[in-house]
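**Q** I would like to see how this sequence folds:
(chains A and B)
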Amino acid sequence: MIAFVIRRLFQSVIVMIAVGLIAFTMFRFVGDPVNQIVSIDTPREQRERVRQDLGLDRPVPVQFAAYLVRAAQFDFGMSYQFRQPVRGLIGERMPATLELAGVAAVLALLVGIPMGVFTALRRDSLLASLFMAVSLVGISLPTFLIAILLRYLFSVQLGWLPSYGRGDVVMLAGWSTGLLTASGLKALILPAVTLALFQMTLITRLVRAEMLEVLRTDYIRFARARGLRNRTIHFGHALKNTLVPLITVTGLQLGSLIAFALITEYVFQWPGMGLLFLGAVQNVDIPVMAAYLMLTATIFVGINLVVDLLYAAVDPRLRIAARPA
Amino acid sequence: MSTPDTQRRDGWSARARDNEVLASLLATPMALVSVCVVLAMAGAAALAPWIAPSDPFDPGAVSLIDSLTPPRWVEGGDPRFLLGTDNQGRDLWSAILYGMRVSLIVGLSGVALAAVVGIGLGLVAGFAGGRIDAVIMRIADVQLTFPAILIALLVDGVVHAMVQDSQRETTAMAVLIVSIGLSFWVQYARTVRGSTMVEKNKDYVQAARLMGLSAPAILVRHVLPNVTGPILVILTINIALAVITEATLSFLGVGLPATQPSLGTLIRIGNDFLFSGEWWIVAFPGATLAVFVLALNLCGDWLRDALNPKLR
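**A** Here you go, the predicted model:
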């Protein structure tokens, strides 16, 4: 088990270095950074001094190492667009994105799992086919269309919910939260539902498929023969065994939740990291782009690692397989 | 492949019955409908210059006086504009036909690029093995940790940083195609690599080697035709994904500009007018996109089942 953990950790570090290399190379694509700082008529000597101050006269591998060291300390330089440290910009917006993604994930699980169980157990009922039809549409509709649709319905037509922004936020130890105010919660509903919808349909379909598979197995038949109650069989035996694939998919989907949050944030003008990144892409703000890339990579790699380790913890067979023969 | 048995019979229906894929299509009404929808929409998009009432790309043909006209059947509608007009006075029906065409061109080229890159790298990785294989597959692993849309955005941002602002309009489509191509290749590479590793040890490959054929020749002429089966399903589903990715990027304002609108650009324009009540600008392109993607997904679902020998 320890060897397995170490090997996965090592792989994660390699991935992070590779992503760091991509982030670092991005800076080289936009030309000489010195030109961004000095004016056109700056004398040569002064340019050289700026170059030395920035450490740009050093060999590229050294610069790369320095960049990695700084990135590891969350120092991503100054934003070209805002003339502020990137760290502060991202720090301000991270709580908004994490709250949105977190609430969406919880929502997707709370609705998706029961729907999956229901559609598997009452396969032929009208409601189950309705759920399945809705989930197919949910998978096919692009996130931004769902966002537009919900916004049109609930804020333009019905006027029940705010159409953009985060509402009032409260600062809690440097973390701005919208979960404690009424307007913050109201503002969260539409973006969170939008974001959760795709994951929800995915979870419903996954749980349904896995449940149907498990319900066919012998041990379920034995459990029935033993006279166990249906509820015990369905939830104690069947659902429990759908958890392994569910953990993997939900874990991996947490990453794409953050990516798709970008679209949701754009439609609802939610002041999160995605909106910041989008602005950076449009304005070629490389430091912000690089920082966002590194940050999401850290989150993805971290999630992948945790999922793999959880997997090994939940499924004993994998632990044995991981042992060197 | 034709066996003597199928050659003896002729006539379209007899051959259709022999062709299991076609037979399953005719037996699944849902699949039949979705294939028809996809073909009809793609056909309409391809024929846009001939069937569209006006050319939305021609600035001389549109007039701002006509802007924001509602659909024909709504009060205030104009008989010239079936689905109304957008903020620049472009006929929405024509804009959708042309936009669909742009979306399809970008989607298909992007997927084609992804398939060529992915199949190429997959063949090389599977055939060569060793260090080359390790490097290619590690790159694939790294990329797989990121959702396609993020990679597409990133490529888009970097390329835009390299080209001048004045060239953005001319390069926008190429940038989109490259972004989509680079974000979708991994699936092909993985699938092809897997099948290539199985195929390369088979007798026919050994025979070709003994005949003295070069590795590229063996790969292209002998291995490639035998590993393309699973690719077909990925292709259909990927076209839907690529169309969505293009639409999303254009919607987010980093895709195609308003002068050469795709469906996503039209939806982006329409989204700005939703609050003032001009719902049609977003509704019709949105519905077109949704129906097309849904139909393509259904086709992909059916194709996966039809080509899966285990389910027969």
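**Q** Name the residues that touch stretch A:96-107?
**A** A:166, A:176-179, A:188, A:191-193, A:195-196, A:199-200, A:250, A:253-254, A:257-258, A:261, A:264-265, A:270-274 (C-beta atoms under 8 Å, 6 or more residues apart in numbering or on different chains). (C-beta placed from N, C-alpha, C; glycine too.)
**Q** From chain B, how far out is residue A:101?
**A** Counting by C-beta to the nearest C-beta, to the nearest Å, the separation of residue A:101 from chain B is 13 Å.
**Q** are any of the contacts of stretch A:96-107 buried, and which?
**A** A:166, A:176-178, A:188, A:191-193, A:195-196, A:199-200, A:250, A:253-254, A:257-258, A:261, A:264-265, A:270-274 (16 or more other C-beta atoms under 10 Å in any protein chain shown).
**Q** wait, does stretch B:36-53 contact chain A?
**A** No: using C-beta under 8 Å from any C-beta of the partner chain, we find that stretch B:36-53 stays clear of chain A, coming within 12.4 Å at best.
**Q** Can you read off the pLDDT for residue B:228?
**A** Reading off the confidence values, residue B:228 has pLDDT 76.
**Q** Okay, it and residue B:307: tell me how far apart.
**A** Distance from residue B:228 to residue B:307, counting by C-beta to C-beta, to the nearest Å: 11 Å.
**Q** pLDDT score for residue 196?
**A** I went with chain A, as the question did not name one. At residue A:196, pLDDT is 85.
**Q** not what I meant, chain B
**A** Looking at residue B:196, its pLDDT reads 83.
**Q** I'd assumed it was in a helix, is it?
**A** Yes: assigned with DSSP: H, G, I helix; E, B strand; the rest coil, residue B:196 falls within a helix.
**Q** show me what contacts it?
**A** By C-beta under 8 Å, 6+ apart, the neighbours of residue B:196 are B:122, B:123, B:125, B:126, B:127, B:219, B:223, B:227.
**Q** Minimum pLDDT in the residues you listed, which residue is that?
**A** The lowest pLDDT within those belongs to residue B:227, with 79.
**Q** thought that one was touching residue B:193?
**A** No: counting by C-beta atoms under 8 Å, residue B:227 stays clear of residue B:193, with 9.1 Å between them.
**Q** Find residues that contact each of the two.
**A** With C-beta under 8 Å, 6+ apart as the test, residue B:227 and residue B:193 both reach B:122, B:123.
**Q** near chain B, which residues of the stretch 151-300 of chain A?
**A** Residues of the stretch 151-300 of chain A lying near chain B (C-beta under 8 Å from any C-beta): A:151-152, A:156, A:163, A:255-256, A:259-260, A:262-263, A:266-267, A:277-278, A:280-282, A:284, A:286, A:289, A:293, A:296-297, A:300.
**Q** So which of those sit within helices?
**A** Those of those mapping onto helices are A:151, A:255-256, A:259-260, A:262-263, A:266-267, A:277-278, A:280-282, A:286, A:289, A:293, A:296-297, A:300, per DSSP state H.
**Q** ok, which stretches of the stretch 1-150 of chain A are helices?
**A** A:2-29, A:33-37, A:44-53, A:60-72, A:86-121, A:126-140, A:143-151 (DSSP state H, counting those that start in this stretch).
**Q** Which residue does the stretch 201-312 of chain B have closest to chain A?
**A** residue B:294 (4.1 Å; C-beta to the nearest C-beta).
**Q** Please verify my assumption that that residue contacts residue A:137.
**A** Yes: counting by C-beta under 8 Å, residue A:137 is a contact partner of residue B:294 at 6.7 Å.
**Q** who's more crowded, those two?
**A** Applying other C-beta atoms under 10 Å in any protein chain shown to residue B:294 and residue A:137 shows that residue B:294 carries more neighbours, namely 19 against 15.
**Q** show me the contacts for the residue in the stretch 1-150 of chain B that chain A sits nearest to.
**A** Distance from chain A to each residue of the stretch 1-150 of chain B (C-beta to the nearest C-beta) is smallest for residue B:147, at 4.0 Å. For residue B:147, the contact set (C-beta under 8 Å, 6+ apart) comprises A:255, A:256, A:259, A:260.
**Q** any idea how far residue B:28 is from the closest residue to residue B:197 other than its chain neighbours?
**A** With sequence-adjacent residues excluded and distances taken as C-beta to C-beta, 6 or more residues apart in numbering or on different chains, residue B:197 is closest to residue B:126, at 4.6 Å. Separation of residue B:126 from residue B:28 (C-beta to C-beta) stands at 33 Å.
**Q** ok, these two, which is more surrounded?
**A** Set residue B:126 next to residue B:28 and count neighbours by other C-beta under 10 Å: residue B:126 wins out with 26 against 17.
**Q** My read is that that one contacts residue B:190, right?
**A** No: counting by C-beta under 8 Å, residue B:126 stays clear of residue B:190, with 9.8 Å between them.
**Q** From the contacts of stretch A:96-107, which land in strands?
**A** Of the contacts of stretch A:96-107, the ones assigned to strands by DSSP state E are A:176, A:177.
**Q** low-confidence ranges in the chain?
**A** By default, I'm working from chain A. Residue ranges of chain A with pLDDT under 70: A:1, A:29-40, A:54-55, A:167-169, A:172-174, A:178, A:180, A:314-325.
**Q** Let me rephrase: I mean chain B.
**A** Ranges of chain B meeting pLDDT under 70: B:1-21, B:59-69, B:72-74, B:76-83, B:89, B:145, B:164-169, B:277, B:308-312.
**Q** and the residue nearest to the spatial centre of it, what element?
**A** By C-alpha atoms, centre = their mean, the mean C-alpha position of chain B lies nearest to residue B:239, the distance being 2.7 Å. Here residue B:239 sits within helix B:229-251, counting by DSSP states H and E.
**Q** After that helix, which helix or strand is next? Please name it.
**A** According to DSSP H and E, the helix or strand after helix B:229-251 is helix B:263-272.
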